[in-house]
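Any chance you can model this:
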Amino acid sequence: MPHEARAVVALKKGAPVEVLPILVPDPGPSEVLVTVQACGVCHTDLHYRDGAIGDAFPYLLGHEAAGVIEAVGTGVTDLAPGDYVVLAWRAPCGQCRACRRARPWYCFASRNAAQPMTLLDGTELTAALGIGAFAEKTLVAAGQAVKVDPSARPEAAGLIGCGVMAGYGAAVHTGGVGSGDTVAVIGCGGVGNAAIAGASRAGARRVIAVDLDDGKLDAAERFGATDTVNSRGTDPIEAVRALTGGHGADVVIDAVGRPETYRQAFYMRDLAGTLVQVGVPEPDMRIELPLIDLFSRGGALKSSWYGDCLPSRDFPVLIDLFLSGKLDLERFISETITLDDIEPAFTKMQRGEVLRSVVVV
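The predicted structure follows:
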C-alpha cells in the first residue's frame with residue numbers, strides 16, 4: 001500500500017516550490033523505502049526548479065540526505081529495516097562498460113528506483129537525481145542507500161551525499177592532490193570548502209582560497225586554507241602566481257562553474273598543472289580559449305562528477321573522518337529549517353549567505 005508523505009515539489013519552471021502530499025510506493029525488487037531525517041539544500045535543487053537541468057516537471061526535489069530504512073524489497077540482502085543510511089545519486093550498475101573496466105565511479109547506467117512516486121492524483125514525479133528527499137519518505141534503489149555509522153547525526157551525515165563528497169572528491173580523487181602540492185580553489189561555498197578540506201587532508205603544503213566575499217574567505221581558513229585571495233579587487237591569477245613562486249598552482253579547482261572562473265582556473269595553473277571543474281555550469285554557457293594555450297600549457301583539464309567517488313567505499317570513510325574529528329561536517333551547517341522553508345533557503349543560497357541550509361524532517 002502506498003505511503004502518504006509531505007514533500008517539496010517544483011510544479012513548473014521557475015515557480016516557487018510547494019509542499020504537497022505525495023504517494024510513495026512500497027519497495028519493489030531491489031528498492032528500499034527510506035524515512036528521511038535530514039536533507040541539505042543544494043544548488044542542484046535550484047537548477048531543477050528553474051529548468052536548468054531538464055523539463056520533466058513536476059520534480060520532487062532534494063537529494064543530499066540521511067535517514068533510516070523503513071522497508072526493503074525482494075532481492076535486497078545487504079540492507080534491513082532500521083539501518084541508518086546516506087543516500088547517493090550514483091549507484092553503479094556493475095555491468096556497463098565503465099563498471100566492466102573497474103571504473104564504477106563513471107557508471108553510465110546508475111540505478112534508480114523503478115517505481116515512480118506520485119502526487120495524490122496519480123501524476124508521476126521526477127525525483128531529483130533519482131532521490132527526491134525533501135520529503136518525509138522516499139523510494140530509492142537499494143544501491144543508492146549506503147549504510148554508515150549511526151553515531152553521526154543526520155544533519156551532518158546527509159551532507160556527505162552530495163556537496164561534501166563532490167568537493168572533497170574533486171581534490172582527492174579527480175585532482176589527485178598529494179603531499180607537497182599547491183592548490184587553489186575558486187569559490188568557497190559548501191563544495192569549495194569541502195575541496196579545501198580534502199586538499200588539506202591530502203597533504204597539500206599550500207591551499208589558496210579564492211572568492212569575492214571576505215566572510216567566505218574567513219570560513220575557508222577554518223577548513224584548511226593557508227592563504228586567501230579576494231578577487232573582487234585583485235587579479236586572482238596574478239595573486240595565486242605570487243603565492244606559488246611565480247608559477248601557479250599544481251591543482252586548481254573551479255567550484256563555481258562559470259566561463260570567467262574556468263578561464264581564471266586555466267591560467268592559474270602551473271605548466272602541466274591540473275584544472276578540475278566541479279561547479280555546475282548553466283547549459284547555455286560557453287568557453288573560448290586559444291588553442292595554442294591548450295597545447296603549450298599542457299597538463300589536464302578534468303570535470304569532476306560527484307568527486308569521482310564510489311559511495312559504498314567513500315561515504316563510510318568520510319563519516320569515520322567526521323566522527324574522529326578529522327573532517328568538521330558541523331561547520332558546513334549554517335542553519336536547520338523545515339520543509340516549508342525551502343524557498344527562503346534558496347534565496348539565502350543565491351545571496352551567498354549560507355554554506356548549507358539543512359532541512360530536518
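
Next, give phi and psi for Ser296.
Dihedral pair for Ser296: phi -80, psi -30, per degrees, to the nearest 10.

residues touching it, list them.
Under the criterion of Cβ atoms under 8 Å, 6 or more residues apart in numbering, Ser296 has no contact partners. The way it works is simple: take the backbone N, C-alpha and C, and place the C-beta from them, glycine included.

Averaged pLDDT, stretch 34-43. What do you get?
Taken as a whole, stretch 34-43 carries a mean pLDDT of 97.

next one: that stretch to chain centre, how far?
The chain centre lies 12 Å from the centre of stretch 34-43; the measure is Cα atoms, centre = their mean, to the nearest Å.

In CSV, list the C-alpha atoms belonging to it.
Below are the C-alpha coordinates for stretch 34-43, written out as CSV (Å, rounded to 0.1, in the frame of the first residue of the first chain):
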residue,chain,number,x,y,z
VAL,A,34,13.6,5.4,3.5
THR,A,35,12.3,7.6,6.2
VAL,A,36,14.2,10.8,5.6
GLN,A,37,15.7,12.5,8.7
ALA,A,38,17.6,15.4,7.2
CYS,A,39,18.4,16.8,3.7
GLY,A,40,20.7,19.6,2.7
VAL,A,41,19.6,22.4,0.3
CYS,A,42,21.9,22.2,-2.8
HIS,A,43,22.3,24.5,-5.8
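
how about it: buried residues?
Buried positions in stretch 34-43, judged by neighbour count with 16 or more other Cβ atoms under 10 Å: 34-43.

what do you get for stretch 70-80?
Buried residues in stretch 70-80, counted by 16+ other Cβ under 10 Å: 70-73, 76, 79.

ok, now stretch 100-117?
104-107, 110-113, 115-117.

Just the endpoints, please. Distance across it?
Across stretch 100-117, the terminal residues are separated by 31 Å (Cα to Cα, to the nearest Å).

what does stretch 189-197 rub up against?
Identification of contacts with stretch 189-197 by Cβ under 8 Å, 6+ apart yields 40, 42, 159, 163-168, 170-171, 183, 185-186, 188, 207, 209, 211, 216, 219-220, 223-225, 253, 255-256, 278-279, 327-328, 332, 352, 355-356.

any idea how far Glu282 is from His43?
Going from His43 to Glu282 by Cβ to Cβ, to the nearest Å gives 11 Å.

before we move on, the earlier item: tell me which two in the buried residues of stretch 34-43 are the farthest apart.
Across the buried residues of stretch 34-43, the longest distance by Cβ to Cβ is 25.6 Å; it joins Thr35 and His43.

Ignoring the adjacent residues along the chain, who's closest to Asn112?
Sequence neighbours aside, Gly130 is the residue nearest to Asn112 in space, at 3.6 Å (criterion: Cβ to Cβ, 6 or more residues apart in numbering).

next one: phi and psi at the one you found?
Torsion angles, degrees, to the nearest 10, at Gly130: phi 70, psi 20.

Kindly state the pLDDT recorded for it?
We note a pLDDT of 96 for Gly130 in this prediction.

if I read this right, it contacts Ser110, doesn't it?
Yes: between Gly130 and Ser110 a contact is recorded at 7.2 Å, counting by Cβ atoms under 8 Å.

sorry, back to before: just put the buried residues of stretch 34-43 in CSV and tack on secondary structure and distance to Glu18.
Shown next, in CSV, are those (DSSP: H, G, I helix; E, B strand; the rest coil; distance: Cβ to Cβ, whole Å):
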residue, secondary structure, distance to Glu18
Val34, strand, 22
Thr35, strand, 22
Val36, strand, 18
Gln37, strand, 22
Ala38, strand, 21
Cys39, strand, 17
Gly40, strand, 20
Val41, coil, 16
Cys42, coil, 19
His43, helix, 20
